[in-house]
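*Asks:* how does the following fold in three dimensions:
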Amino acid sequence: MEKPKRNRILKALKITVITFCTLLLMMFLFPIVFPGKIAQEVKTFANQKLDGELNFSEAQLSFFNHFPSLTLTLKDFKLNGSAPYKNETLISANEIAFGINVKSLIFDSQVKIDKIFLSNALMNVRVNEKGEANYNVYVSEDEKPSESNSNTSLKLEKIDIRNSHLVYNDQSTKILIDAKGFNYVGKGDLDQSVFDIYTEAEIDSLNFTYDQKAYLLNKKIKADLITKINTTSLAFVFQQNNLKINKLPVQFTGKFDFLKNGYDMDFKIDSHDSRLNDFFTALPPEYVTWLEKTKVKGSTSLALSLKGQYIASQQKSPDLQFNMKIRDGQIEYKNAPFPVSNIFLNFDTKLPGLNPDRVEVKLDSLFFNVGKDYLKAIVNSKGLQKPQVNANVQASLDLKKLDQAFGFENMTLQGLLKMNVKANGTYDKAKSIFPVTKGTVSMKGVTIQTQYYPHPIQNINLLASISNGNGTFKESKLVINPASFVFEGNPFYLKASFQDFDDVAYDVKAKGTVDVAKVYKVFALQGLNVTGYVKADVAFQGKQSDAMKGNYAKLHNSGTLELKKIKTTSEYLPKPFMIDEGLFTFNQDKMNFSNFLASYGKSDFKMSGYLQNVINFVLSEKAVLKGKFNLVSDYINVDEFMSNVAASPTSSTAPTSGTASKTTETGVVIIPPNFDLQFIANAAKVDFNELNLKNAKGDLSIAQGKMTLKNTGFNIIDCPVNMDIVYGSETPTKAFFDFKVKAENFDIKRAYNEIKMFHDMASAAESAQGKVSLDYKVGGKLDGNMQPIYPSLVGGGTLSVKEVKMKGFRMFGAVSDKTHTNAIRNPDVTKVDIKTTIKNNIITIERFKFKFAGFRPRIEGTTSFDGQLNIKMRLGLPPLGIIGIPLTVTGTKDAPKVKLGKKGEDIEEKEYTDTPALTTPAATPESAPAKP
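*Replies:* Numbers count the residues shown, from 1 in each chain. You can find the predicted model right below:
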């Protein structure tokens, strides 16, 4: 019996060995038998299915690269993206392998790719502001050619990515994801229209940025996900998604649908009853470094939801809600003598429609101890414009103990802080409503030292109280008695009280020196470049109503304020205004100053004079700041005062061809509405829109949102010019003006060569020579580039031609050709007054006569700013002009048409309609400037 049994074993062993050898032989033979077929089929498939440049160094077919799958491996793989990113990399990898279905290859002679293996790859996904993505490289069934010679198909069951780098940069949603050490395995029937994909993913370092603000930095991620995907409706359902952000466990569920014009989302992120220590591991790196030196105890629960539709065209945004709880928390940094203990937190916030004005914050309770010290707070608020507040904050803290317990690594604190503030009600400035409030804040012996500056702010002492008994502005009272500190050896002292916020009664005394630049360095505030030095010794006492009514005898304002190298910013100006030096003296309602030196961009100013109603202006948004100055400048660049609003590209007001060109609006010069300022100005040089003015003098006033220049004189190309201007800004991209100008002996040739505006608007004057005088008035609107909107212009005046050689004017050339009279081609014109009016984009030329070479022409008619002509002309023949030839000139200034007779062609008027829109309507060809 043993012999038959042994034979059976040997037989089975032989069969096993033969089978194994056969399989092994087939695994070696397959790459030899099928390499050309598979490589050719994959290449054909790639050419038909990929809309992107594909490159690799070599191809290898093997069972052993990703055993037991038969794979075609492409070395040094690179695939460029789809338009508009065809020249940029979408995927590059040391190798990419395509898993081949062996059964289909043998029995159906088809190459079916059911797996993709990617290693050491860069996946660079990009989406521009228009939503155009670089990953649309796969040609769908609807887009492929009707005839195909490929027997290759893509029906994925597995995607395997190892040790790769994923970048997702979506400028349309302002999302940037950077994942390094990206490892991903996804399985499912990916060729179905609806399928579940089972995912395991690990990321060594994840950065998540939204709108240039980092929310996650260098985080380790581990995920186990189940996602249902509907490729027909582009819907994603996140059924089971267990994540770990460093050590913090997170559950992520929800759905995401692509709509025709946006997205529909419902995301929920939860971390329930987790360790407080694990929560800190999910914060940015600086907190992780701090955590290594800190003992953290307690539990926390987090919940974040984002639900609703995002449709930009309809201004729809989802609702955001965040909730956080901490129980039995304790933080102890480096064996501090007292830990922060008994930490208790209930925090909930809502942001409906992602609208900050509707924000709701509910700090139901915050409490902690530092030894016997404590902080406890309840704060509920709703809205920002008219916030509803219910708050109760109490604290008694030794700041040195607090600093030691928390371990503020970039700051050292010491001193005592006490606070007891209660407030309940609504703040509504328009209705003079203020929350019922009672509170005090005191600081004693406080010192603040940061790593950003070597010296501390010392001896900070503050005793402040605020009260409001019945919820009105009238009953509000703020007292600071006193506030003081020492910085860089310079003491500063402030004592102030403010009562009745409807009619503020103020009593302020301040004395001391502050180096503003160094103070800002202490706190290292990003985005601010603040410099300057302030030395104050002032006392202000009075009532706001007395300042408004002119009861200056009841005001007691005095003292001096010295400023040096102070940068000030304003919403009206794109650049900072630098006060290089200024000494201000206060006397009742006036602030006098002399030797005031300032600069703005390249412009410089030296002023003396006074400001009036300063205190009222500071206390009230409606108050008007008055003043009178003498202003002297070596150079003023008006272009630097443009508001630089962020505007969408719009059509230029002066297209040079038949279509409007695209430009970006720079904004108009904004005139503040609450200024009443008078200037007597002298400027050696002024640049504006490429106009170079010299020796500018005049009276300038700014009042009621308008700037008025009267009796203004300057020289341009050595021609004396006098003008009056009224200018006002309506919106950041629209303004109005009224302009009167009188110029004598204006050199046409120099104007064409040296003044860009004249060069552009009078291109036909290229060959003209001579001098003219101008007496003209025109008014209208300016667009977001400070260019005139031509259909809005209304005005008229006289152009006096003294002695001009009109060489190269196409209209006279066309008349010369029609009448076979060469003397008319380049006439010399002397002593002619040409009167014109402007309205609805039409320039009307009143009848005028002149004579040259024995001819006596008479001209009248209309032309438009886009160059259309309707000119009637009578050419009086020598010697006396009694006999004349009637002519009409139509067409355009570039292609005039001359015919005999009196009947012309009317030019269509373009009536301007002023709209209250916030941006200037895009200019159209009819608003192009004339080029006579």
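*Asks:* ok, which stretches of the stretch 201-350 of the chain are helices?
*Replies:* 276-281, 285-291 (DSSP state H, counting those that start in this stretch).
*Asks:* which of those helices sits most buried?
*Replies:* Each of the helices of the stretch 201-350 of the chain was scored by mean neighbour count; the highest is helix 276-281, a mean of 19, by mean count of other C-beta atoms under 10 Å. Placement of C-beta: from N, CA and C, glycine included.
*Asks:* for that one, the distance to its chain's centre please.
*Replies:* 35 Å (C-alpha atoms, centre = their mean, to the nearest Å).
*Asks:* residues making contact with that helix?
*Replies:* 245-249, 271, 287-288, 290-291, 296-300, 302, 326, 329 (C-beta atoms under 8 Å, 6 or more residues apart in numbering).
*Asks:* show me how to select, in ChimeraX, the buried members of these.
*Replies:* Here is the ChimeraX selection string for the buried members of the contacts of helix 276-281, based on 16 or more other C-beta atoms under 10 Å:
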select :245,246,248,249,271,288,290,291,296,298,299,300,302,326,329
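*Asks:* just the endpoints, please. Distance across stretch 483-498?
*Replies:* End-to-end span of stretch 483-498 (C-alpha to C-alpha, to the nearest Å): 15 Å.
*Asks:* so residue 83, which state does it fall into?
*Replies:* Here residue 83 is coil, with the state taken from DSSP: H, G, I helix; E, B strand; the rest coil.
*Asks:* quick one, phi psi at the residue nearest to it when sequence neighbours are not counted?
*Replies:* Spatial nearest neighbour of residue 83, excluding adjacent residues (C-beta to C-beta, 6 or more residues apart in numbering): residue 132 at 7.4 Å. Here is the backbone geometry of residue 132 (degrees, to the nearest 10): phi -80, psi 120.
*Asks:* residue 132 contacts residue 84, doesn't it?
*Replies:* Yes - using C-beta atoms under 8 Å, residue 132 is in contact with residue 84, at 5.8 Å.
*Asks:* what about the residue lying closest to residue 601 once chain neighbours are set aside, how many neighbours?
*Replies:* Counting by C-beta to C-beta, 6+ apart, residue 640 is the residue found nearest to residue 601 once chain neighbours are left out, at 3.9 Å. Neighbours of residue 640 under the rule other C-beta atoms under 10 Å: 16.
*Asks:* ok so, going back, ranking the helices of the stretch 201-350 of the chain by mean pLDDT, which is last?
*Replies:* Among the helices of the stretch 201-350 of the chain, helix 285-291 carries the lowest mean pLDDT, a mean of 74.
*Asks:* let's see that one as CSV, backbone CA atoms only.
*Replies:* In CSV, the C-alpha atoms belonging to helix 285-291 read as follows (Å, rounded to 0.1, in the frame of the first residue of the first chain):
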residue,chain,number,x,y,z
PRO,A,285,4.0,73.0,12.6
GLU,A,286,4.7,75.8,15.2
TYR,A,287,2.1,74.2,17.5
VAL,A,288,3.6,70.8,17.0
THR,A,289,7.0,72.1,18.1
TRP,A,290,5.3,73.7,21.1
LEU,A,291,3.5,70.4,21.9
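*Asks:* packing partners for it?
*Replies:* Using 3 or more C-beta pairs under 8 Å, 6 or more residues apart in numbering; DSSP states H and E, the elements in contact with helix 285-291 are helix 276-281.
*Asks:* coming back round to it: out of the helices of the stretch 201-350 of the chain, which is closest to residue 890?
*Replies:* helix 285-291 (74.5 Å; C-beta to C-beta).
*Asks:* re the thing from before, assign a three-state SS to the residue nearest to residue 601, would you?
*Replies:* helix.
*Asks:* OK, contacts around it?
*Replies:* Per C-beta under 8 Å, 6+ apart, neighbours of residue 640: 574, 575, 600, 601, 602, 603.
*Asks:* before we move on, back to that, right, and the helices of the stretch 201-350 of the chain - which one's nearest residue 854?
*Replies:* helix 285-291 (91.4 Å).
*Asks:* where does the stretch 301-450 of the chain have low pLDDT?
*Replies:* Within the stretch 301-450 of the chain, no stretch has pLDDT under 70.
*Asks:* all strands of it, in order?
*Replies:* 319-333, 340-351, 360-370, 373-382, 388-398, 411-426, 436-450 (DSSP state E, counting those that start in this stretch).
*Asks:* among these, which is nearest residue 404?
*Replies:* With C-beta to C-beta, the closest approach to residue 404 among the strands of the stretch 301-450 of the chain belongs to strand 319-333: 6.8 Å.
*Asks:* give me the helices and strands touching the closest one, please.
*Replies:* Judged by 3+ C-beta pairs under 8 Å, 6+ apart, strand 319-333 is in contact with strand 294-310, strand 340-351, helix 399-406.
*Asks:* got the buried residues for the second one?
*Replies:* For strand 340-351, a neighbour-count test (16+ other C-beta under 10 Å) marks 340, 341, 343, 344, 345, 346, 347, 348, 350, 351 as buried.
*Asks:* nearest to residue 267 among those residues?
*Replies:* After measuring those against residue 267 - C-beta to C-beta - the closest member comes out as residue 351, at 14.0 Å.
*Asks:* looking at the helices of the stretch 201-350 of the chain, which is closest to residue 688?
*Replies:* Taking the helices of the stretch 201-350 of the chain one by one with C-beta to C-beta, helix 285-291 is closest: 49.1 Å.
*Asks:* what packs against whichever strand or helix holds residue 775?
*Replies:* Assigned by DSSP states H and E, residue 775 belongs to strand 769-782. For strand 769-782, the packing partners by 3+ C-beta pairs under 8 Å, 6+ apart come out as strand 734-747, helix 748-754, strand 794-805.
*Asks:* give me the buried positions along it.
*Replies:* 769-773, 775-782.
*Asks:* may I see the PyMOL selection of the buried members of the contacts of residue 640?
*Replies:* For the buried members of the contacts of residue 640, the matching PyMOL selection, counting by 16+ other C-beta under 10 Å, is:
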select buried, resi 574+575+600+601+603
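*Asks:* ok, of the contacts of residue 640, which one's closest to residue 519?
*Replies:* residue 575 (22.7 Å).
*Asks:* on that earlier part again, would JSON lines of the helices of the stretch 201-350 of the chain with distance to residue 610 be doable?
*Replies:* Formatted as JSON lines, those follow (distance: least, C-beta to C-beta, whole Å):
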{"stretch": "helix 276-281", "distance to residue 610": "57"}
{"stretch": "helix 285-291", "distance to residue 610": "51"}
